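Student: turn this into a structure:
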Amino acid sequence: MSPQKWSQMVEAGLRNLQALKVIWAGSWIDSCLGILTSLQELELTGVDGCHHRALSSSLPKLSLLKKLSLDGWSIPAYLWTPSSFPFLEQRSSYGDQWPPNLTELTLWRTKLNRNWIVALENLRELTYLYLGLLFYKGNEMICT
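Tutor: Residues are numbered from 1 along each chain as shown. Just a heads-up that it's a prediction; the model follows:
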């Protein structure tokens, strides 16, 4: 759907939308996401580097969010600003970057390699780590 069509739909009555689930990130987020200030649940998929600017300016406007899920190839840590989401109860991220203040992490079918083990070691606030099926690709895992 084009950004113009999204803008028209938002103006026509979607401003009070409370849940937007499993929707593909696209150019529409530039003009529309920040307007949906009643959102309590947002699940975006296909997040990439070209969406960073729009997300960083729009997400802080969604102060009522209780559940946030970002799925994509590039999800930078600065998108996870806890003070921007005072009511956030659940967040999940599927991508290649994790917020540095992460306290819980579930790895499932990720097939991580040794480089990712180093990234895990840098998560100083991590208190819960669940390692599910096919989380690691290799014969031996060494943690320091």
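Student: got a list of what L36 touches?
Tutor: By Cβ atoms under 8 Å, 6 or more residues apart in numbering, the contact list for L36 reads V10, L14, R15, L17, L20, L62. Quick note: C-beta positions are derived from backbone N, CA and C, even for glycine.
Student: in strands, which of these fall?
Tutor: Under the assignment DSSP state E, the contacts of L36 contribute L20 to strands.
Student: any idea of the mean pLDDT for stretch 20-30?
Tutor: Along stretch 20-30, the predicted confidence averages to a pLDDT of 86.
Student: ugh, wrong one, I meant stretch 71-79
Tutor: pLDDT averaged over stretch 71-79 equals 70, rounded to a whole number.
Student: tell me the domain boundaries of this protein?
Tutor: Each structural domain of the chain that the record assigns through automatic domain parsing is listed here as a residue range: 3-94, 100-144.
Student: which of those domains has the lowest average pLDDT?
Tutor: Ranked by mean pLDDT, the domains of the chain bottom out at domain 100-144, with a mean of 70.
Student: D71 and T45 touch, don't they?
Tutor: Yes. The pair D71 and T45 passes the contact test of Cβ atoms under 8 Å, sitting 4.2 Å apart.
Student: many thanks, have a good one.
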